[in-house]
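Participant: Sharing a model prediction with you, sequence too.
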Amino acid sequence: MDILQEVPLIDGHNDFPYILRGWYGMNIHDPSFNIEEMPIGQTDLSRLEKGCIGGQFWSAFVPCPKENVDETKLAVLRDTLQQIDLIHQLIQQNPRRLAFGIDSASVWRAFHSRRISCLIGVEGLHQIGGSFSVLRLFHRMGVRYITLCHDCHNEFVDSSTPPTPLHYGLSKRGEDMVKEMNRIGMIIDISHTSRDAQRQVLRVSKAPVIFSHSSCYALQPHPRNVTDDVLEALKLNNGVIMICFLPSLSGMLKAGHQTSANVQTVAAHVMYVGEKIGYEYVGIGSDFDGMLEGPAGLDDVSTFPKLVAELVANGISEADVKRIIGLNILRVLDEVGHYTAREECLPATGYGLWDEVQEIWTDVQRAMLIRKGSERRGN
């Protein structure tokens, strides 16, 4: 298919690092590890290439902790860092077929050299240990989006899953987080967030945001899916919703009749967004390896061309198909990155938000340090 040779197909969400870490631990140098043909899951290198993937956002995912204590936060942070490390190791092991992606220029370079761009997302602010410093370090490690929450509320934002809200959207600390993510050039992902949170983020954020793996509530009324008013706000924000393949999200309920998810229903969700707010605001976010089975006809990463063919068969123009499969999310990558250079996004201090640090010196020790410092200066 010519379109897939002209524009990189970029999938917004795949949980392969979680599968890898769970199946092999951290030892992907084990002789039994074969990235060409994984014994489990929906992803491996041969199927990625068969699926004509030009770029993949790998999700570093750690489930929500049962306890919100420092020890648990540190364990979640460790597990996240291990998955980020796995992604870097995979690229280093396969330099002729994989490349690191952080912006559109790096994605295009990889595409023109017939390599798959590996981009990184983190699936929840519960994975940063409550630390703005960790947020900034993640960006320096190459993470380019963070989902604000997963299936639990956190100190920043409400999830779509628990029925009882905690913050009724964003907390004050959550608003600060949105502004800090804007400031450093981290894409804000509002998949999994509550409706109130989505509306508030879209009002607060000055840079485009994404839904990395969500679908349309009007076609499939599920708490994880996106309502029409939020889609309209997303258009004003210049963001992108990347349609999810998860069967519970991508089926269709019409006149009381439920149609199971298949390649046609996934295409219908894409087209619904295109017709509702424009094809400039929709992409693809499969959530492969975050499910046991995909929709009929879209069961693993090798099947993306089937969806592209379905979109073409439904009369979507070549220009719009190119936007859907890659150009839209590349635009967001660049617009979020460029926003950091604007004077309006810089805090008065010249730097971002600081973590609270526990005192490590007593008043007596502080006085001693000041006295010694004064003596060294000859005062």
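Facilitator: Perfect, I can see it now.
Participant: my guess is Gln258 meets Met252, correct?
Facilitator: Yes - assessed by C-beta atoms under 8 Å, Gln258 is found in contact with Met252 at 7.5 Å. Every C-beta, even on glycine, is put in place using the N, C-alpha and C of the backbone.
Participant: any low-confidence regions in the stretch 101-250 of the chain?
Facilitator: Under the criterion pLDDT under 70, no range of the stretch 101-250 of the chain is flagged.
Participant: what about the strands in it?
Facilitator: All strands of the stretch 101-250 of the chain, identified by DSSP state E, counting those that start in this stretch, fall at 116-122, 143-147, 187-189, 210-214, 240-243.
Participant: Turn the ones you listed into TSV, columns for distance to Asn68 and mean neighbour count.
Facilitator: Formatted as TSV, these follow (distance: least, C-beta to C-beta, whole Å; neighbours: other C-beta atoms under 10 Å):
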stretch	distance to Asn68	mean neighbour count
strand 116-122	18	25
strand 143-147	18	24
strand 187-189	21	28
strand 210-214	24	31
strand 240-243	29	29
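Participant: I'd like the ones you listed laid out as JSON lines, including distance to Leu166.
Facilitator: JSON lines is the format used below for the strands of the stretch 101-250 of the chain (distance: least, C-beta to C-beta, whole Å):
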{"stretch": "strand 116-122", "distance to Leu166": "21"}
{"stretch": "strand 143-147", "distance to Leu166": "17"}
{"stretch": "strand 187-189", "distance to Leu166": "19"}
{"stretch": "strand 210-214", "distance to Leu166": "21"}
{"stretch": "strand 240-243", "distance to Leu166": "25"}
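Participant: does Lys322 count as helix, strand or coil?
Facilitator: Of the three states, Lys322 takes helix according to DSSP: H, G, I helix; E, B strand; the rest coil.
Participant: unless I'm mixing things up, it is touching Glu6, no?
Facilitator: Yes - here Lys322 reaches Glu6: they are 7.0 Å apart, a contact under C-beta under 8 Å.
Participant: which of these two has more neighbours?
Facilitator: Lys322 (18 against 12; other C-beta atoms under 10 Å).
Participant: who touches the more buried one in this structure?
Facilitator: Contacts of Lys322 were listed using C-beta atoms under 8 Å, 6 or more residues apart in numbering, and they are 3, 6-7.
Participant: Please determine how far it is located from Leu4.
Facilitator: 10 Å (C-beta to C-beta, to the nearest Å).
Participant: Kindly report the same for Ser250.
Facilitator: From Ser250 over to Leu4 (counting by C-beta to C-beta), the distance is 21 Å.
Participant: Please identify which of these two sits among more neighbours.
Facilitator: Ser250 (31 against 20).
Participant: Quickly note the distance from that one to Trp108.
Facilitator: 29 Å.
Participant: tally of neighbours for the closest residue to Ile277 other than its chain neighbours?
Facilitator: Leaving aside its chain neighbours, Ile277 sits nearest to Lys235 (4.2 Å; criterion: C-beta to C-beta, 6 or more residues apart in numbering). Using other C-beta under 10 Å, Lys235 has 17 neighbouring residues.
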